[in-house]
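Asker: below: sequence and its predicted model.
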Amino acid sequence: MTTTVPPAERAAAGPPSLRRSALTPRRRITNRVAMVLITLALVISVVPLAWVTISVLARGFQIMSWEFITEDIPNSYRRVGPGMAPAIVGTFLITGMAALLAVPLGVFGAIYLNEYGKQKPLAQLIRTMADVMTGVPSIVMGLFIYTVVVVTTGQQTGFAGALALACLMLPIVIRSSEEILRLVPDELRQASLALGARQWRTILTVVLPAAISGIASGALLAIARAAGETAPLLFTCSIFNPAVSTDVTHSLPNLPVLIFTYSEQPDEALHQQAWGAALVLMLFVLVSSLLAKALLARSRRKLGR
């Protein structure tokens, strides 16, 4: 009995000359070897990531409790207590302030690059500088803000830490927002301009609403990257403060610096505190990344890409 293959399945399988069954033995062996090497590379890259994640989860959950999240930090390294609330609040304040500084500037820069500058020399220079800043080590940003702000004012502050993180976030927001703005179809702009709207109004009422989910996604990814940076805060906001504070004109406790400081102490109990702080920070980055991916997927569906 002869089985008839539907035309749709034949089209999906491709021309007979390109089907796997038509490959020569040598090409089939090469294909299998390549697949094995690709799979092996994937496993090798996933193993360290899974190892780190499992280690943080296993050790962090041992100390995790409501008191760990809500109580103050012990005012001496020799005293071991459950509190990490000041560092959690400080991390949110510093990262949030950095986002308030970097996100609007980054979006405005992306609007200029995509809507006005395009291929002009100034726009090309800004893109190049943004790409260079993306690859600059975070410690360089910390040294820059330390020299410009901390040395000038004579003290480390939460605001200085936010400036350092904002410098890290700015190029990411610029480049990600520009790529999202490029996805907005030109037909939408042309239709708005044809109805008599000025370019600024077209950007404000047509382009930005269409791209807002993708822009928010890029901003969240930048926040997730900056939240875990330690080097910039070591130079700008590392003075120990055991109590909850919202005064950004003084040094604020934060999770990255606390993890670094506790991990250098010989006391095993402080190491446990550091693992718990690392778990809180990892969960914050995870939630930010998942939210960013959801917003990006929504933006692509909205733009039909």
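Answerer: Great, that's in hand.
Asker: what helix or strand is the residue most central in space within the chain on?
Answerer: In the chain, the C-alpha nearest the mean C-alpha coordinate belongs to L221, at 2.8 Å (CA atoms, centre = their mean). Assigned by DSSP states H and E, L221 belongs to helix 208-227.
Asker: avg pLDDT for that helix?
Answerer: Per-residue pLDDT over helix 208-227 has a mean of 86.
Asker: going forward, the N-terminal residue is numbered 482.
Answerer: Shifting the count to begin at 482 puts that one at helix 689-708.
Asker: neighbours around A675, how many?
Answerer: 8 (other CB atoms under 10 Å). C-beta: built from backbone N, CA, C; applies to glycine.
Asker: R679 now?
Answerer: Neighbourhood size, R679 [other CB under 10 Å]: 10.
Asker: CA atoms of the helix holding L702 as PDB?
Answerer: Only the C-alpha atoms of helix 689-708 are listed here, as PDB (Å, rounded to 0.1, in the frame of the first residue of the first chain):
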ATOM      1  CA  LEU A 689       6.700  56.100  21.700                       C
ATOM      2  CA  PRO A 690       3.300  54.400  22.500                       C
ATOM      3  CA  ALA A 691       4.100  51.700  19.900                       C
ATOM      4  CA  ALA A 692       7.600  51.100  21.400                       C
ATOM      5  CA  ILE A 693       7.000  51.700  25.100                       C
ATOM      6  CA  SER A 694       7.000  48.000  26.000                       C
ATOM      7  CA  GLY A 695      10.300  47.400  24.300                       C
ATOM      8  CA  ILE A 696      11.800  50.500  25.800                       C
ATOM      9  CA  ALA A 697      10.700  49.400  29.300                       C
ATOM     10  CA  SER A 698      12.300  46.000  28.600                       C
ATOM     11  CA  GLY A 699      15.600  47.600  27.800                       C
ATOM     12  CA  ALA A 700      15.500  49.700  30.900                       C
ATOM     13  CA  LEU A 701      14.700  46.700  33.100                       C
ATOM     14  CA  LEU A 702      17.700  44.800  31.600                       C
ATOM     15  CA  ALA A 703      19.900  47.800  32.300                       C
ATOM     16  CA  ILE A 704      18.600  47.900  35.900                       C
ATOM     17  CA  ALA A 705      19.200  44.200  36.400                       C
ATOM     18  CA  ARG A 706      22.800  44.600  35.200                       C
ATOM     19  CA  ALA A 707      23.500  47.600  37.400                       C
ATOM     20  CA  ALA A 708      21.900  46.100  40.500                       C
END
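Asker: shaky segments in this structure?
Answerer: Scanning the chain for pLDDT under 70 picks out 482-504, 556-563, 780-781, 783-786.
Asker: how's it carved up into domains?
Answerer: 499-544, 547-784 (automatic domain parsing).
Asker: hey, which of those domains is tucked in deepest?
Answerer: Ranked by mean neighbour count, the domains of the chain are led by domain 547-784 with a mean of 18 (mean count of other CB atoms under 10 Å).
Asker: any idea whether V514 is helix, strand or coil?
Answerer: Secondary structure state of V514, per DSSP: H, G, I helix; E, B strand; the rest coil, is helix.
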